[in-house]
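Engineer: What follows is a predicted structure for the sequence shown.
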Amino acid sequence: MGGYIARAFDYTPGRLDRWFGPLEKGIYRIGGIRQENQTWKQYAAAVLISNTVLLLVVYLIFRVQDKLPLNPAGIGAMSPDLAFNTAVSFMTNTNLQHYSGESGLSLFSQMTAIVFMMFVSPATGIAVAIAFIRGLAGKPLGNFFVDLTRALTRILLPLACVAAIILIGLGVPQTFQTGVTAQTLEGAQQQIATGPMGTFLAIKELGNNGGGFMGANSAHPFENPGGISNMLQIILMMLVPVSLPFTYGKMVGNNKQGRVLFVSMMMMFIVMLSVSLVSEHQGNPLIQQAGIQQGTGSMEGKEVRIGVEQSSFYSVVTTASETGAVNTMHDTLTPIAGMVAIGNMMLNTVFGGSGVGVLNVLMYAIIAVFLSGLMVGRTPEFLGRKIEGREMKLIAVTLLIQPLLILAPTAIALMAYPDTISNPGYHGLTQVLYEFTSSAANNGSGFEGLGDNTIFWNVSTGAVMFIARYFSMVTLLAVAGSLLMKKPVPETSGTLRTDQPLFGLVFVVAVVIVGALTFFPALVLGPIAEQLTL
């Protein structure tokens, strides 16, 4: 898959052009797209302007959905603050939902606004990541509109079509009916929502989106009918993020580079998964002290048909891939398992989402090279180009913006809006911390213990999602543009080899140290304190 993505974005004529070329040329002609290389400023401007225009269009759809077709349930228009939050959420690949899926949006909104953004948003992230890699490799950044089109036509649309057919075959509904009536065992009538869920679910997972058609997300049997669909969703969530390190290796002309980064991320993933599984199997110490048998672990908030292992595995995958889909309620995870989920998002380098994950990984790789150069008294070099003051200032600002967007709003919410928190103890702090971490990391999952459909939560998380998404894209494109202007320097005996296991170790240490120094105090006040008081 990594090799395929590299070929998909290769501007030189190839075999893929035979299949996708005619369609893409038609799109370029209709859109008036000139297939010319852009500077980093032009590329960044194209990202910001196009995404902002699409965001405004989708916002208007949410505001007038009660007057649009395909609304048999008669769902009303969204309030201005909720429409703003939802539009920003799905445009930034976050998919944070302050509404309940099946009752908050009409079928028209789901199909034309939500699914549309579920394609465009990950395609934007992939395009920016490819441009950044080109800059590191000393190549022109390319054209955003060409890259966006190729991400849609060559990657997301074909794979989503195949995945949707499989999911529908496994039992996921695909219909324009908004609900069916079932008779319960007690003889009562129950209305169960349905809709075009198969196509929704495919791009939800493949594009690292995560927003659920149903409020219960993938814990609902219609979104996740069984074990095969559960594993397929996990594969889809990991497919693009795991592939991009190999794409990076192909595009810079050194496959070892990609393998070192993949192994480094996989090591962190395995540690996170192991800690989460152990914690969930141990369960709640208070229940154990009371002499109550817990069986195989903590089943609170989990589907019986899914169990502890698949629930914990899914929670680690969805936060490591920055997808945000859930098959269990993260608010009920044990404190340490909840901390693992938050930690994945705070680091944002344990694979990460479509495109933005590899952006963060490469940013930390440059940091690791810079720190190593300082230790040996040499000017750091990465892929044959010197890392100097301009690049490190941009990276430092990028590195600082995420903790600022997480910790500052968390402090404000705890001081000014404690009434929206369902738990007054350490868990309540974790709920707030998780919400802003999920927003800043473009993940979208939540602890769901907040009264978050208010003006404060809608506006504050909307602002965090927008700034976190596009600020780092612009600064890292600037880094790529700066490196592209430099002349390559020859490799010497003192050059740090970034395709060796030693660099992988340095990379992991840099990620852990920077992450620990930034977020450890907040984690101590939240999940760690909660664990110690059980």
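Structural biologist: Structure's in. What do you need?

Engineer: who's in contact with Leu477?
Structural biologist: By Cβ atoms under 8 Å, 6 or more residues apart in numbering, the contact set of Leu477 is Trp40, Tyr43, Ala44, Val128, Ala131, Phe132, Gly135, Leu141. The C-beta positions use only the backbone N, C-alpha and C, and glycine is treated the same way.

Engineer: And the furthest pair within those residues?
Structural biologist: Among those, the pair separated by the greatest distance (Cβ to Cβ) is Ala44 and Gly135, at 11.9 Å.

Engineer: out of the two, which sits in the busier spot?
Structural biologist: Taking neighbours as other Cβ atoms under 10 Å, Ala44 and Gly135 compare with Gly135 leading, 26 against 23.

Engineer: Wait, that one touches Leu476, no?
Structural biologist: No - with contact defined as Cβ atoms under 8 Å, Gly135 does not reach Leu476; the gap is 9.0 Å.

Engineer: does the closest residue to Glu309 other than its chain neighbours sit in a helix, a strand or a coil?
Structural biologist: Excluding the flanking residues, the one nearest Glu309 by Cβ to Cβ, 6 or more residues apart in numbering is Leu277, at 6.8 Å. Per DSSP: H, G, I helix; E, B strand; the rest coil, the local secondary structure of Leu277 is helix.

Engineer: same deal with Ala182?
Structural biologist: Using three-state DSSP, the structure places Ala182 in strand.

Engineer: what about it, distance to Ala193?
Structural biologist: Using Cβ to Cβ, to the nearest Å, Ala182 is found at 11 Å from Ala193.

Engineer: Quick one: list the elements packing against whichever helix or strand Gly428 is part of.
Structural biologist: Using DSSP states H and E, Gly428 falls within helix 426-440. In terms of contacts (3 or more Cβ pairs under 8 Å, 6 or more residues apart in numbering; DSSP states H and E), helix 426-440 is packed against helix 335-347, helix 389-416, helix 455-484, helix 529-532.

Engineer: what separates the residue lying farthest from the centre of the chain from Val180, distance-wise?
Structural biologist: Taking Cα atoms, centre = their mean, the residue of the chain most remote from its mean C-alpha position is Gly187, at 42.6 Å. Applying Cβ to Cβ, the value for Gly187 to Val180 is 17 Å.

Engineer: ok, back up a step: for the residue nearest to Glu309, grab the count of nearby residues.
Structural biologist: Neighbour tally, Leu277, other Cβ under 10 Å: 18.

Engineer: surely it meets Gln310?
Structural biologist: No - the criterion here is Cβ under 8 Å, and Leu277 misses it with Gln310 at 10.6 Å.

Engineer: who touches both of those two?
Structural biologist: Common contact partners of Leu277 and Gln310 (Cβ under 8 Å, 6+ apart): none.

Engineer: Pull stretch 416-433 out as PDB, backbone CA atoms only.
Structural biologist: C-alpha atoms of stretch 416-433 as PDB (Å, rounded to 0.1, in the frame of the first residue of the first chain):
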ATOM      1  CA  ALA A 416     -15.600  28.600  34.600                       C
ATOM      2  CA  TYR A 417     -17.800  25.700  33.600                       C
ATOM      3  CA  PRO A 418     -17.600  22.900  36.300                       C
ATOM      4  CA  ASP A 419     -21.400  22.400  36.000                       C
ATOM      5  CA  THR A 420     -21.000  20.700  32.600                       C
ATOM      6  CA  ILE A 421     -18.800  18.000  34.100                       C
ATOM      7  CA  SER A 422     -20.500  14.800  35.300                       C
ATOM      8  CA  ASN A 423     -17.800  13.700  37.700                       C
ATOM      9  CA  PRO A 424     -16.400  16.100  40.400                       C
ATOM     10  CA  GLY A 425     -13.300  14.100  41.100                       C
ATOM     11  CA  TYR A 426     -10.100  13.300  39.200                       C
ATOM     12  CA  HIS A 427     -12.200  11.600  36.500                       C
ATOM     13  CA  GLY A 428     -14.000  14.900  35.800                       C
ATOM     14  CA  LEU A 429     -10.600  16.600  35.000                       C
ATOM     15  CA  THR A 430      -9.800  13.700  32.700                       C
ATOM     16  CA  GLN A 431     -13.100  14.200  30.900                       C
ATOM     17  CA  VAL A 432     -12.300  17.800  30.100                       C
ATOM     18  CA  LEU A 433      -8.600  17.000  29.300                       C
END
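
Engineer: show me where pLDDT drops low in the protein?
Structural biologist: Scanning the chain for pLDDT under 70 picks out the ranges 284-296.

Engineer: How about the contacts made by the residue most central in space within it?
Structural biologist: Nearest to the mean C-alpha position of the chain, by Cα atoms, centre = their mean, lies Glu322 at 2.8 Å. By Cβ under 8 Å, 6+ apart, the contact list for Glu322 reads Asn93, Asn208, Pro241, Met345, Asn348, Gly352, Gly353, Val356, Gly357, Ala441, Asn442, Asn443.

Engineer: what about the strands in the chain?
Structural biologist: Ranges of strands within the chain are 179-183, 189-193, 381-382, 385-386, based on DSSP state E.

Engineer: Out of those strands, which is the most enclosed?
Structural biologist: strand 381-382 (a mean of 20; mean count of other Cβ atoms under 10 Å).

Engineer: So which residues make contact with stretch 419-428?
Structural biologist: 335, 413-414, 418, 431-432, 449-452, 454, 456-457, 525-527, 529-530, 533.

Engineer: and what of stretch 493-502?
Structural biologist: So stretch 493-502 is contacted by 254, 256-257, 259-260, 263, 365, 369, 372-373, 376, 378, 380-383, 503 (Cβ under 8 Å, 6+ apart).

Engineer: Which of these fall in helices?
Structural biologist: Lys256, Gln257, Arg259, Val260, Val263, Ala365, Val369, Ser372, Gly373, Val376, Phe503 (DSSP state H).

Engineer: I'd guessed Asn37 sits against Phe145; true?
Structural biologist: No - counting by Cβ under 8 Å, Asn37 stays clear of Phe145, with 11.9 Å between them.

Engineer: More neighbours: these two, which one.
Structural biologist: Phe145 (21 against 15).

Engineer: Please list all residues in contact with that one.
Structural biologist: Taking Cβ under 8 Å, 6+ apart as the contact definition, Phe145 lies against Tyr28, Gly31, Ile33, Ala46, Ser50.
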